[in-house]
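Peer 1: Sharing a model that was predicted from the sequence below.
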Amino acid sequence: MSLFGLINMKDFLFLALFVGTLSMTVTKSTIIRPFRVWVADRNDLAGELVQCPFCFSHWVALIAVIILKFRVTEFG
């Protein structure tokens, strides 16, 4: 089964689960709070990025697609 003929549904769901889990963990977890504070002290823009799940998830998705080489633009 594929999503609009672009990507396998299983791969799409895996990517969505991975992105959501990683972005919520990095932006909201108390364990990673020292890292967020360290990043915010170094750079205001990067500090905002690691504190906003919506913003961070876009970058995680982009990196995951590049690394995993999903071919979302190829048909068939």
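Peer 2: Arrived safely.

Peer 1: how about the residue minimising distance to the centre of the chain, what does it touch?
Peer 2: A centroid search over the chain (CA atoms, centre = their mean) returns Val60, at 2.5 Å, as the residue closest to the centre. For Val60, the residues meeting the contact criterion (CB atoms under 8 Å, 6 or more residues apart in numbering) are Phe18, Val19, Leu22, Ser23. Placement of C-beta: from N, CA and C, glycine included.

Peer 1: ditto for Ser23
Peer 2: By CB under 8 Å, 6+ apart, the contact list for Ser23 reads Pro53, Phe56, Ser57, Val60.

Peer 1: try Glu48
Peer 2: By CB under 8 Å, 6+ apart, the residues touching Glu48 are Ala40, Cys55.

Peer 1: per-residue confidence at it?
Peer 2: What the model reports for Glu48 is a pLDDT of 93.

Peer 1: What strand or helix carries it?
Peer 2: helix 44-49 (DSSP states H and E).

Peer 1: Just to be sure, the residue nearest to the centre of the chain is in a strand?
Peer 2: No: read with DSSP: H, G, I helix; E, B strand; the rest coil, Val60 is helix and lies in no strand.

Peer 1: oh, and call the first residue 454 from now on, that's how I've got it
Peer 2: Sure, I'll start counting at 454 from here, so that last one is Val513.

Peer 1: For it, give its distance to Leu468.
Peer 2: Distance, Val513 to Leu468, using CB to CB, to the nearest Å: 10 Å.

Peer 1: Ok, Ala517 next?
Peer 2: Distance of Ala517 to Leu468, given as CB to CB: 6 Å.

Peer 1: okay, the two: which has more neighbours?
Peer 2: Each of Ala517 and Leu468 has its neighbours counted (other CB atoms under 10 Å); Leu468 has more, 18 against 15.

Peer 1: Tell me the buried residues in whichever strand or helix holds that one?
Peer 2: Using DSSP H and E, Leu468 falls within helix 462-481. Buried residues in helix 462-481, defined by neighbour count with 16 or more other CB atoms under 10 Å: Phe465, Leu468, Val472, Leu475, Ser476, Val479, Thr480.
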